[in-house]
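> next input, structure requested:
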Amino acid sequence: MKIAIATDTNSGVRPEALTAPGLYLLPMPVLVDEQVYAEGLDIRNPQLYDAMKQHKRISTSQPAPGQVLDLWDRILADGYDQLVYIPMSSGLSGSCVTAAQLAEDYDGRVQVVDNHRISVTQGESFFSAYRLAQQGLSAAEIKAYLEERAYDASIYITVDSLEYLKKGGRITPAVAAFAAVLNLKPILQIQGDKLDTFAKARGMRLAETRMIEAVKADRETRFADTPDGALIIAAAGSFEDPEQAERWRTLVQAEFPALDVPYAGLPCSIACHVGMNAVGIAVMKREAP
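Numbers count the residues shown, from 1 in each chain. Take a look at the predicted model:
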């Protein structure tokens, strides 16, 4: 049985990473001054950051149902028997629920995974699903496997500017102004369906320290029984300057020397909400060998 794996660009997966057959990517819509661009095709992070510096109106939306159906039909027409589709968490977007409704017309051939992930953790699920398919699991079995392990991950992120959280309605203008005066940086946590305020710190360097401490606490509690070889810690961010991205990755690597810490650039669909120079870190169990 031939099984394909698909996700959306909320996962941070880039088109050039689709090096194996059976891997597919749905571009998420990014709106700049009401004009729609497809992430990874006609807009990437440098173009998004240019638009931000020009203070253009920036937002995101769900992919149109027709785009989702076109992708699925193309995959099945390519000769695949089943498809595992992994959108972003249902708790952060309605696109997962929409996809699950659309899949009802495919008689089980399309399995929509809601494992409550986004960004680098969603990307890990995408490649884990591919490895599971190579091991002979069916689409339904892969869905069950990933959903059972949905909460074995956390993301912590700090924004450099509150401008885009304010525009998105996640904080009020008064709170944004108060935080700017005191140089307060909110540390947000994404775990499962929730985007919550985890802590606040005076300045970005202290916020970075607090995020690393949070991951260390997770390592010692939630993931205490997980060997290093089964754990992933990744630095992330929306840095315009590659040197700043490497500075953050190197800092995280130094705190977790037993692991190989990669850097994951935040996709446009997330950078739209956190702005430039946001700093993130993810910790998760490796889902599939």
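
> which residues does the most centrally placed residue in the chain contact?
Central residue of the chain (Cα atoms, centre = their mean): residue 119, 1.0 Å from the mean position. Listed by Cβ atoms under 8 Å, 6 or more residues apart in numbering, the contact set of residue 119 reads 10, 11, 12, 155, 190, 236, 264, 266, 267, 270, 280, 282. C-beta coordinates here come from the backbone N, C-alpha and C atoms, glycine included.

> ok, residue 141 next?
Applying Cβ under 8 Å, 6+ apart, the residues near residue 141 are residue 132.

> related to what we said a few turns ago, pipe the contacts of residue 119 into TSV and attach pLDDT, distance to residue 248 and secondary structure per row.
Listed next are these as TSV, based on pLDDT from 0 to 100; distance: Cβ to Cβ, whole Å; DSSP: H, G, I helix; E, B strand; the rest coil:
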residue	pLDDT	distance to residue 248	secondary structure
10	93	21	helix
11	95	20	helix
12	94	15	coil
155	94	14	strand
190	83	18	strand
236	97	8	strand
264	95	11	strand
266	94	12	coil
267	94	17	coil
270	88	16	helix
280	95	9	strand
282	97	13	strand
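
> top of these by number of neighbours, please.
Neighbour tally across these (other Cβ atoms under 10 Å): the maximum, 30 neighbours, falls on residue 267.

> elements contacting the strand or helix carrying residue 84?
Element membership for residue 84, per DSSP states H and E: strand 82-86. Packing contacts for strand 82-86, counted by 3 or more Cβ pairs under 8 Å, 6 or more residues apart in numbering; DSSP states H and E, involve strand 3-8, helix 65-77, strand 110-112, helix 119-134, helix 139-148.

> list the pairing partners of that strand within its sheet, with orientation.
The strands beside strand 82-86 in its sheet (DSSP bridges) come out as strand 3-8 (parallel), strand 110-112 (parallel).

> contacting residues around it?
1-7, 11, 72, 75-76, 99, 103, 108-113, 115, 117, 122, 125-126, 129, 133, 138-139, 142-143, 146.

> which among those residues end up buried?
Neighbour-count burial (16 or more other Cβ atoms under 10 Å) applied to the contacts of strand 82-86 gives 3-7, 11, 72, 75-76, 99, 103, 109-113, 115, 117, 122, 125-126, 129, 133, 138-139, 142-143, 146.

> ok, which of the strands paired with strand 82-86 comes nearest residue 35?
Between residue 35 and the strands paired with strand 82-86, the shortest gap by Cβ to Cβ is with strand 3-8, which sits at 19.8 Å.

> angle of the closest one against helix 119-134?
Interaxial angle, strand 3-8 versus helix 119-134 (axes from the mean of the first three to the mean of the last three Cα atoms, to 10 degrees): 170 degrees.

> show residues contacting strand 3-8.
Residues contacting strand 3-8 (Cβ under 8 Å, 6+ apart): 13, 22-28, 63, 71-72, 75, 78, 80-88, 95, 122-123, 125-126, 129-130, 133, 138-139, 142.

> 7 Å instead?
Residues outside strand 3-8 that contact it (Cβ atoms under 7 Å, 6 or more residues apart in numbering) are 13, 22-26, 28, 63, 71, 75, 80-88, 122, 126, 129-130, 133, 139.
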